[in-house]
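Student: Give me the fold of what follows.
(chains A and B)
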Amino acid sequence: MYGVGILKGLGVTLKHFVDTYIDDFKWGLRRYTSDAGFQARQSTETRGLFTVQYPEEKIAVPERFRYIPFLVVNDADHPTAPNEPWCTSCGICAKVCPPQCIWIVRGSDPTTGRPIPQPKAFYIDIDICMNCGFCAEFCPFDAIKMDHDYEIASYDRTTAHIYDYEKLAKPLSYWQTIAPTRAEQERLAREAEEVAKAIKKRQN
Amino acid sequence: MTDATLPTTTSITDLLMQKFPESVQPDAREGYEGVVVAADRLVEVATSIRDDLGFNFLSSVSYVDYLADGFFEVVYHAYNTRTGGPALTFKARTPRDEATLPSLTGIWPSADFQEREAWDLMGIRFTGHPNLKRILTWEGFEGHPLRKDWQEPFYEEEAKPFKSRWPEGHVRRAEMGVPFGMNVQYPPGFTVDDWVPEGETALYSGLIQDNALTGVGIQQIKTDQLIVNLGPQHPSTHGVFRMTVTIDGETITRLEPVMGYLHRNHEQIGERNTYLMNMPYTDRLDYISSMANNLAYAITVEKMLGQEVPYRAELLRVLMVELTRIVNHYWAIGFLLNDLGAFFTPSLYAILERELVLDLFEATAGSRMMCNYMRFGGVAYDLPPYIGGPAVKPGDRARELETMAFIRDLIYERLPRATDQLDRLLTTNEVIISRCKGVGILPPDIAVAYGATGPVLRASGVPYDLRRADPYSIYDELDFDVAVRYNGDTYDRYLIRMDEIRQSLRILQQIVPRLEETAGQDYWAGKRAYNVRVPVGAHYGHAENPKGELGFYLVSDGSANPYRYHIRAPSFINITALEEMCRGHKIADAIIILGSIDIVLGELDR
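Tutor: Below is the predicted model of the structure:
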């Protein structure tokens, strides 16, 4: 009979309409105000609308989330070398970067003129960066990491979009805040490497 | 699928060489496969390949500039859609200074756009081609950009990494490097201000002349013929795609796709990149299904490297790719309904589930769409224990959903339910049936001749799926059916996508227990190296993407960058048959026929 298919379809939209309110009744305002409500709204259990009310509420991004990279430096209260960058200007990030958005000037000793393992300047053109995460993935020193701050709109692209060292450097504690598990895993891996090195040294 | 009695590829090439002893030679170069056909006998040999050997489907036309040897090589890959099995590779060469080859459009119309592309980007003339003009660039474009001796204005270096980045570090905004107005080269004697779009007038007048000759012949009353330009800035064309349609009354008599508005010379960028650098670029081809693009590229390079992949990595790859296929088909169906005028309700129902799948991609790979997840020898990361992250910014809402439970819920509960719901909403809807049934019929022989792949081909009654025809990854151990529908109309192209979603769910339901068994195992073989060295040679790798066959033809000269990086994009080649499907239908139907092909401009224009 003509029209049965349309009626069946309307049944589906009606169900969606009802579903939109079932969870609202079940959770009440907590669906929008509490963290548990948010989690239920953003899980496989959810029914009806699961819109996130950006910018009032934002989904906390996962640890592996990739955005414009930043450079890891020691915390300001580091006992021996505060604010010191971990970067050795080895250039792997610049070499592996697919759109070639990283510029590094190698540091040199002012008296001898010989290269030292620290960047003199470090630039990232964020207009070019494609957020692939290769720089962070292949950095042997954990010195460059992908940031989570995606709200970087600016009024002037001609002056504001080349990030220099000042803008790129962020303390280790920041990385530990945005990606606690990964930072801890990396710390353990570095320690294990230190131990292995020490053992090897002693054996020699 | 392959039967023991069927001839192998080697015996087929032997057969060919016996038949044409003077004009067919094996390609003796190390690392190369296939045969080289003498250019003057190409049409004859190709006809024999199609008619005597049964390779009825010309899949891809690649072209390589061997600058040092002084010739261009066009590489054809043909399949037998009845038996499956690997491709038959045959090549033809032509000197660089007067590059001319006979066109194969008379044998396989699927060569049409691909030969135009080879003319446009490489400058190879194909004699006998009915419409040999530029396809991706415009008439004001100087030179043929994929030639190895072509350089763009403000050319920097032949291959990445560029020295200016490290160790020299000359920082400069990219735009400063290519000043506006000076970043183009025109052919000699070409001035933009005096330019009359010659191709356009030719296009329009050509359409009218042809139309006057053929006509539609169904009208009793006198109707006006006019040319309607659809796109490129129109939502119904799914991106910056344009169609020039000649209509007689409301009936389409001719249709010509015009493309290239999103062309960025992806292939040349790929030739300057190292092999690994191309991985994130493949995300940007069909950006709805970046995981599937990753897989097709990864298996191509792995084949050249002889790289093994751990079992868990294969599982993760299939998990991601099949989820991508479901997401892509939801998207295709949703937007087909938009094209039909059902403004956004069905498409939002469909892409609602997509959000959850993208949450999984984001937590696993780091990005929702530009996944960049696969590596040569595995995948970048294992599944994370939880989906969600710590709340850092003001307003951040944290969540912590156990990943395997999330995946199980999705695959066993949520996606099957959503598919059934979409089915109930749409499949028997009378409006959809009357708009779609019998519209845009693509008969199986035409589909094969025009090189259609993926759902478009299978909806026309040709059960050809690379996951079965030439299995890769672990598809041969998985239990699933190749979905097929027989009418070849828009309605069947809708139904086939529903069928494929169900088959993908079937695959995923076999993947989940395997994932649980292999938890904690290796997901990447070998060491994390950013500078892979691919042995000298050439290889064509392909995978069944949601939109059709995605193929990569890679040539390695042993250096860090691919010498040639050619992409067989399913959207690009599926569109070849668009005119065949639209002719004789109303102009409003052209929109849904295009929607049912499911194109994405990222890979169409490359």
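Student: As a check, name the ranges of all helices in the stretch 201-350 of chain B.
Tutor: B:266-272, B:278-283, B:290-305, B:311-340, B:345-365 (DSSP state H, counting those that start in this stretch).
Student: mind giving me a markdown table with those helices and columns for mean neighbour count?
Tutor: Every C-beta, even on glycine, is put in place using the N, C-alpha and C of the backbone. Formatted as a markdown table, those follow (neighbours: other CB atoms under 10 Å in any protein chain shown):
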| stretch | mean neighbour count |
| --- | --- |
| helix B:266-272 | 20 |
| helix B:278-283 | 24 |
| helix B:290-305 | 25 |
| helix B:311-340 | 24 |
| helix B:345-365 | 21 |
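Student: what about B:Val392, distance to A:Glu63?
Tutor: As defined by CB to CB, to the nearest Å, B:Val392 lies at a distance of 11 Å from A:Glu63.
Student: and for these two, which residues touch both?
Tutor: Taking CB atoms under 8 Å, 6 or more residues apart in numbering or on different chains as the contact rule, B:Val392 and A:Glu63 both touch A:Ile178.
Student: what about these two, which has more around it?
Tutor: Higher neighbour count among B:Val392 and A:Glu63: A:Glu63, with 20 against 16, using other CB atoms under 10 Å in any protein chain shown.
Student: per-residue pLDDT, B:Lys437?
Tutor: Note on B:Lys437: pLDDT of 89.
Student: still on that earlier bit, of all the helices of the stretch 201-350 of chain B, which one comes closest to A:Tyr150?
Tutor: Checking those against A:Tyr150 by CB to CB gives helix B:345-365 as the closest, at 11.7 Å.
Student: helices or strands next to the next helix or strand after the closest one in the packing?
Tutor: The first helix or strand that comes after helix B:345-365 along the chain, using DSSP states H and E, is strand B:374-375. Applying 3 or more CB pairs under 8 Å, 6 or more residues apart in numbering or on different chains; DSSP states H and E, one finds that strand B:374-375 makes contact with helix B:290-305.
Student: now the angle between helix B:345-365 and the helix it packs on, please.
Tutor: 50 degrees (axes from the mean of the first three to the mean of the last three CA atoms, to 10 degrees).
Student: what about helix B:290-305 and chain A, touching?
Tutor: No - using CB under 8 Å from any CB of the partner chain, helix B:290-305 stays clear of chain A, with a minimum separation of 11.3 Å.
Student: That helix to helix B:311-340, inter-axis angle?
Tutor: Using the same axes, to 10 degrees: helix B:290-305 against helix B:311-340 is 140 degrees.
Student: Show me what helix B:290-305 is packed up against.
Tutor: Counting contacts by 3+ CB pairs under 8 Å, 6+ apart, helix B:290-305 packs against helix B:278-283, helix B:311-340, strand B:374-375, strand B:537-545, strand B:548-556.
Student: May I see the ones you listed arranged in a markdown table, with distance to B:Ser290 as well?
Tutor: As requested, these are arranged in a markdown table below (distance: least, CB to CB, whole Å):
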| stretch | distance to B:Ser290 |
| --- | --- |
| helix B:278-283 | 4 |
| helix B:311-340 | 8 |
| strand B:374-375 | 10 |
| strand B:537-545 | 11 |
| strand B:548-556 | 11 |
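Student: Which among those is found nearest to A:Val18?
Tutor: Across these, closest to A:Val18 is helix B:311-340 (CB to CB), at 21.5 Å.
Student: other SSEs contacting that closest one?
Tutor: helix B:290-305, helix B:345-365, strand B:378-379, helix B:415-426, helix B:430-436, helix B:490-517, helix B:587-597.
Student: As a markdown table, these with distance to A:Arg31 would be great.
Tutor: Supplementary listing: the helices and strands packed on helix B:311-340 in a markdown table, determined by distance: least, CB to CB, whole Å:
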| stretch | distance to A:Arg31 |
| --- | --- |
| helix B:290-305 | 32 |
| helix B:345-365 | 17 |
| strand B:378-379 | 36 |
| helix B:415-426 | 21 |
| helix B:430-436 | 34 |
| helix B:490-517 | 29 |
| helix B:587-597 | 36 |
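Student: which parts of stretch B:235-253 are buried?
Tutor: By neighbour count on 16 or more other CB atoms under 10 Å in any protein chain shown, the buried set for stretch B:235-253 is B:236-249, B:251-253.
Student: Identify those among those that sit within strands.
Tutor: Counted as lying in strands by DSSP state E, out of the buried residues of stretch B:235-253, are B:242-248, B:251-253.
Student: Least confident of those residues?
Tutor: B:Asp248 (82).
Student: Mind listing the residues bridging to it?
Tutor: Beta-bridge pairing of B:Asp248 under DSSP bridges involves B:Gln225, B:Thr251.
Student: could you measure it against chain A, distance?
Tutor: Applying CB to the nearest CB, to the nearest Å, the value for B:Asp248 to chain A is 31 Å.
Student: Show me the domain layout of chain A.
Tutor: For chain A, automatic domain parsing gives the domain ranges A:1-59, A:67-187.
Student: nope, chain B is what I meant
Tutor: Taken from automatic domain parsing, chain B resolves into B:9-127, B:154-196, B:198-258, B:266-605.
Student: Out of those, which gets nearest to A:Asn74?
Tutor: A:Asn74 lies closest, by CB to CB, to one member of these: domain B:266-605, at 20.3 Å.
Student: returning to that earlier point: of all the helices and strands packed on helix B:311-340, which lies closest to B:Phe154?
Tutor: Nearest to B:Phe154, of the helices and strands packed on helix B:311-340 and by CB to CB, is helix B:290-305 at 28.4 Å.
Student: Quick one: mean pLDDT over the helix or strand hosting B:Met581.
Tutor: Assigned by DSSP H and E, B:Met581 falls within helix B:578-582. Across helix B:578-582, pLDDT averages out at 89.
Student: just to revisit the earlier point, would you mind putting the helices and strands packed on helix B:290-305 into a markdown table with mean pLDDT alongside?
Tutor: Output for those, formatted as a markdown table (pLDDT from 0 to 100):
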| stretch | mean pLDDT |
| --- | --- |
| helix B:278-283 | 92 |
| helix B:311-340 | 92 |
| strand B:374-375 | 90 |
| strand B:537-545 | 91 |
| strand B:548-556 | 92 |
